[in-house]
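In: Curious how this folds, go ahead:
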Amino acid sequence: MKKINQLLASMISIVTASTATAQVNVHASQLSDHELTVLNQLGSPAVVVNMPVSQLLNAPGNEALRAFFFTPVKDSTVLKGKRIAVIAADGFEEIELLGPVWYFKQLGAKVDIVAPKYNPAPARYGLMYPEMSKTHIMAIQYLQPVGWIKFDRTADQIRVSDYDAVFIPGGAWNPDNLRYDKDVIKFIQDFNRSGKLIAAICHAPVVLASADILNGKKLTGYWNIQVDLKNAGGIVLEQPVVTDGNLITSRHPIDVADFSRAVESWLIKK
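Out: From the prediction side, this is the model:
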């Protein structure tokens, strides 16, 4: 296990989130007994389900996924000259972004992380944004925030001509953040009209539904969004990866290897 963790640490670069649990910006001494009682009833223990990468790769049945990451790439020039944009926001599933990014870079591709332009919610929403939100996006492992990665560009700065392919990782929060962003949706629509590759995994196909590009398309996605994909006009298949024209979709973190290879194959043919 120690060796696996060391290999994973070298495979990905991520700023580890602090585990500090200071959530209340008010000193207890400033609150009355009644206010403290109410406040205690509005919170809950910070214990969540998570999905560590080492746990995923070592889970029974995931031997092929483990081999995908730990078997050295034979040809590091397969995707040389290809430019890929990864569009993501806070709440992206860690392995679904960092896994394919690592693989595409191993094959020689240039990869940019693209995020929506920083646009904090109004103060009355009560959200507290760390300073790094202006330059980084937050990774999760299923339900647990685990760290931050720096993005290269924002969605209002990119053009269709800049890239050969776009892919969107999942994580339930990430696609929900993306599908409301006008710059992201317009870019996806323009990219689709160009005929270039659009790839989405897990919850990410809902962004494509919001972009209204799924009508008549065969695709797949995480199980609890499949009804949304059908409602958007898609033909949903229960397969690890589905390719239909310039669209590649996948279901789950366990399908990352198949998803990444499908993107590789599509780009090689072009």
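
In: got the CA coordinates for stretch 238-247 in PDB?
Out: Provided in PDB are the C-alpha atoms of stretch 238-247 (Å, rounded to 0.1, in the frame of the first residue of the first chain):
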ATOM      1  CA  GLU A 238     -25.800   0.500 -20.500                       C
ATOM      2  CA  GLN A 239     -22.200   0.300 -21.600                       C
ATOM      3  CA  PRO A 240     -18.800   1.400 -20.100                       C
ATOM      4  CA  VAL A 241     -18.200   3.700 -23.100                       C
ATOM      5  CA  VAL A 242     -20.400   4.800 -26.000                       C
ATOM      6  CA  THR A 243     -19.100   6.600 -29.100                       C
ATOM      7  CA  ASP A 244     -21.600   8.300 -31.500                       C
ATOM      8  CA  GLY A 245     -20.000  10.600 -34.100                       C
ATOM      9  CA  ASN A 246     -18.000  13.300 -32.200                       C
ATOM     10  CA  LEU A 247     -19.500  12.300 -28.800                       C
END
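
In: Tell me where the stretch 151-270 of the chain has helices.
Out: For the stretch 151-270 of the chain, applying DSSP state H, counting those that start in this stretch gives helices covering 173-178, 182-194, 205-210, 226-231, 256-269.

In: Out of these, which is the most enclosed?
Out: Stretch with highest mean neighbour count among the helices of the stretch 151-270 of the chain: helix 205-210 (a mean of 26; mean count of other Cβ atoms under 10 Å). (Each C-beta comes from the backbone N, C-alpha and C, glycine too.)

In: which other helices and strands contact it?
Out: helix 173-178, helix 182-194, strand 197-201, helix 226-231, strand 247-250 (3 or more Cβ pairs under 8 Å, 6 or more residues apart in numbering; DSSP states H and E).

In: cutoff 7 Å now
Out: Contacts defined by 3 or more Cβ pairs under 7 Å, 6 or more residues apart in numbering; DSSP states H and E place helix 205-210 against helix 173-178, helix 182-194, strand 197-201, helix 226-231.

In: of all the ones you listed, which lies closest to S265?
Out: Ranking those by their distance to S265 (criterion: Cβ to Cβ) puts strand 197-201 first, at 10.5 Å.

In: Quick one: list the elements packing against the closest one.
Out: strand 165-168, helix 182-194, helix 205-210, strand 247-250, helix 256-269.

In: Could you export those as JSON lines, including mean pLDDT and distance to A64?
Out: Below are the helices and strands packed on strand 197-201 laid out as JSON lines (pLDDT from 0 to 100; distance: least, Cβ to Cβ, whole Å):
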{"stretch": "strand 165-168", "mean pLDDT": "98", "distance to A64": "20"}
{"stretch": "helix 182-194", "mean pLDDT": "98", "distance to A64": "30"}
{"stretch": "helix 205-210", "mean pLDDT": "98", "distance to A64": "23"}
{"stretch": "strand 247-250", "mean pLDDT": "98", "distance to A64": "14"}
{"stretch": "helix 256-269", "mean pLDDT": "98", "distance to A64": "6"}
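
In: So for I140, which of the helices and strands packed on helix 205-210 sits nearest?
Out: helix 173-178 (6.8 Å).

In: Now do the closest one: everything it contacts.
Out: The contact list for helix 173-178 (Cβ atoms under 7 Å, 6 or more residues apart in numbering) reads 87-92, 116, 140, 168, 184, 203-204, 206-207.

In: ok, A59 to I113 distance?
Out: To I113, A59 is 27 Å away according to Cβ to Cβ, to the nearest Å.

In: When these two are compared, which one has more neighbours?
Out: Taking neighbours as other Cβ atoms under 10 Å, A59 and I113 compare with I113 leading, 18 against 13.

In: if we can go back for a sec, just so I know, which of the helices and strands packed on helix 205-210 lies nearest D75?
Out: Across these, the minimum distance to D75, taken as Cβ to Cβ, is reached by strand 197-201, at 19.9 Å.

In: buried ones in the closest one?
Out: Residues of strand 197-201 classed as buried: L197, I198, A199, A200, I201 (neighbour count, 16 or more other Cβ atoms under 10 Å).
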